[in-house]
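[1] sequence? don't have it. structure:
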């Protein structure tokens, strides 16, 4: 046992570790919701950070090496490769069977095909929830494969997970998760093991995201500052733009606002490198802003004050983005477009020409103030892979 | 065997680990798709156990205990250092856990690579308990060379 294997990356940096943690927590929330629905009882999951485990020590991750467990193994394939293993001691598995089959506590006494089938479906729900959440979060393909069931020794059920990683490494990366049912700690053991190349892909992803967040935050703050100065000079009165931190995510999460029939207005800007910026405000918000800003607060142009301010911000953003992307952009609309629907629907119309599947979607919220008047505006930025790399100063 | 010897908890061998013992100690490991190689010298009463996970060191890198060829080489060396001359082998494990998947191939390849390396060292295999779909808890006694095998839901057997 003297030789050492190819080294896995050292413990990931803090920013990346935060990314892992956020991903694991989000995945656990998703799995908790799914299990709560399945068991009709409140279930909560608490994931640990990803950490390295020596092969010789891995026998304990599903329970004591010689302990009998019911184990559900779900291989993950696609852009990310790995395994989900859910292991339950026999007594715990029987209690879960009672719950799932509507029996009194202690009524299930043996693990027949019926009980095992219920446990397999439980593993399927947990594993699929994790896989689907990771896939949405990372916008990578993470395919949950058919779950396989075994009633066997804890050390034995872990071994099939190791074959590909063990060839090149003496350690594997994994995260374990604790479960609570109605506030009571459950003796369930769940392990998510990631293949080493998948871990590298995740690390790169989180590092890039960190860079992009920083760049976009700086860029929006800069635009908001410029727009504030220009608007104050033009209007001769107090007003300002405040941009909140940028969040990156999936379409459905970032666009969940507005009712299906709500009237929205958008300002849209297109730039080379297949990049688009869309600002969205509800019509109601816009009317309230005009009412609150009161008489004599009109814009220097004939346009309503809010439209003027939004255009001012758009011009600055346009100028900054074009400079960062080393390209000349074209503002495709300087008039607010009237669109009806949810954010998702409206944005679907606004960016229909672009291949959203490959793009990075970011959202920031902009607060406009002019005297007593306030309006919240969503700023959505859709960046192509090329534009994203230019902005973050990394290779495509 | 003394009372003390039987009361001693066997030493647990983890994945990719190997060790030798003399009485009153015993060795234990838990095998799924992995293969356990038990070596024993009846005269010296020394026994060794390796927990192999992969067939060949040519296909990977890292700890030698992972691979059938290097693990057996090292275990034979340790046995000889402990005075063993006439080494005999017993094999267990190589199950197809979860009933499907590529463990069929891996288990079979582990078994074949193990047999081949034992032939290379001219070590006779006295008994085998291989394949199937269930994990095994195996305990090796250096005095008798007995390899006790326990499978969940079945009577313990000794080879």
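    Structure received. Because the structure is predicted, anything quoted here is derived from the model rather than measured. Numbers count the residues shown, from 1 in each chain, chains lettered A, B, ... in the order given.

[2] low-scoring stretches of the chain, by residue?
    By default, I'm working from chain A. A:1-17, A:245, A:248-261, A:272, A:294-303, A:325-338, A:340, A:343, A:347-358, A:392-396 (pLDDT under 70).

[3] that answer is for a different chain, and I need it for chain B
    B:1-7, B:100-105.

[4] residue boundaries of the helices in it?
    Applying DSSP state H to chain B gives helices spanning B:3-7, B:68-81, B:103-120.

[5] who wins for proximity to residue A:390 among those helices?
    Smallest distance to residue A:390 across the helices of chain B (C-beta to C-beta): 45.4 Å, for helix B:103-120. Quick note: C-beta positions are derived from backbone N, CA and C, even for glycine.

[6] what helices or strands is that closest one leaning on?
    For helix B:103-120, the elements it packs on are strand B:35-41, helix B:68-81, strand B:87-93, strand B:124-130, judged by 3 or more C-beta pairs under 8 Å, 6 or more residues apart in numbering or on different chains; DSSP states H and E.

[7] Buried residues, it. List them.
    B:103, B:106, B:107, B:109, B:110, B:111, B:113, B:114, B:115, B:117, B:118 (16 or more other C-beta atoms under 10 Å in any protein chain shown).

[8] close enough to count as contact, the second one and residue B:32?
    In this case it means residue B:106. No. The pair residue B:106 / residue B:32 is not scored as a contact, 10.7 Å apart, by C-beta atoms under 8 Å.

[9] ok, back up a step: make TSV out of the helices of chain B and add distance to residue B:50.
    Shown next, in TSV, are the helices of chain B (distance: least, C-beta to C-beta, whole Å):
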stretch	distance to residue B:50
helix B:3-7	22
helix B:68-81	4
helix B:103-120	9
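
[10] Identify whichever of the ones you listed lies nearest to residue A:288.
    Among the helices of chain B, helix B:103-120 sits nearest to residue A:288 (C-beta to C-beta), with 64.5 Å.

[11] quick one: that closest one to strand B:87-93, angle?
    Using axes from the mean of the first three to the mean of the last three C-alpha atoms, to 10 degrees, the direction of helix B:103-120 lies 180 degrees away from that of strand B:87-93.

[12] Now tell me what touches helix B:103-120 from outside.
    A:160, A:163, B:33-35, B:37, B:52-56, B:67-69, B:72-73, B:89, B:91, B:93-97, B:125, B:130-131 (C-beta atoms under 8 Å, 6 or more residues apart in numbering or on different chains).

[13] Show me which of these are buried.
    A:160, A:163, B:33-35, B:37, B:52-56, B:67-69, B:72-73, B:89, B:91, B:93-97, B:130.

[14] what sits against residue A:110?
    residue A:94.

[15] Nearest to residue A:62, out of the helices of chain B?
    That would be helix B:103-120 among the helices of chain B, by C-beta to C-beta, at 16.3 Å.

[16] quick one, the closest one and strand B:124-130 angle?
    Using the same axes, to 10 degrees: helix B:103-120 against strand B:124-130 is 170 degrees.

[17] Find out how far helix B:103-120 is from the centre of the chain, if you would.
    Here helix B:103-120 is found 12 Å from its chain centre; the criterion is C-alpha atoms, centre = their mean, to the nearest Å.

[18] Contact residues of chain A facing chain B?
    Counting by C-beta under 8 Å from any C-beta of the partner chain, chain A comes close to chain B at A:1-6, A:55-59, A:65-66, A:68, A:71, A:73, A:75, A:148-160, A:162-163, A:166-170.

[19] Among those residues, the buried ones, what's the ChimeraX command?
    To isolate the buried ones among the residues of chain A next to chain B in ChimeraX, judged by 16+ other C-beta under 10 Å, type:
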select /A:1,5,55,56,58,59,65,66,68,71,73,75,148,149,150,151,152,153,154,155,156,157,158,159,160,162,163,166,167,168,169,170
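
[20] for chain A, longest helix please?
    Max-length helix for chain A by DSSP H is helix A:196-235.

[21] Quick check: the two most widely separated of the buried residues of helix B:103-120?
    Between any two of the buried residues of helix B:103-120 (C-beta to C-beta), the greatest distance is 21.9 Å, for B:103 and B:118.

[22] Show the contacting residues for the residue nearest to residue A:221 when sequence neighbours are not counted.
    Among residues not flanking residue A:221 along the chain, residue A:243 sits closest, at 6.0 Å (C-beta to C-beta, 6 or more residues apart in numbering or on different chains). Shown in contact with residue A:243 (C-beta under 8 Å, 6+ apart): A:220, A:221, A:223, A:224, A:364, A:365, A:366, A:379.
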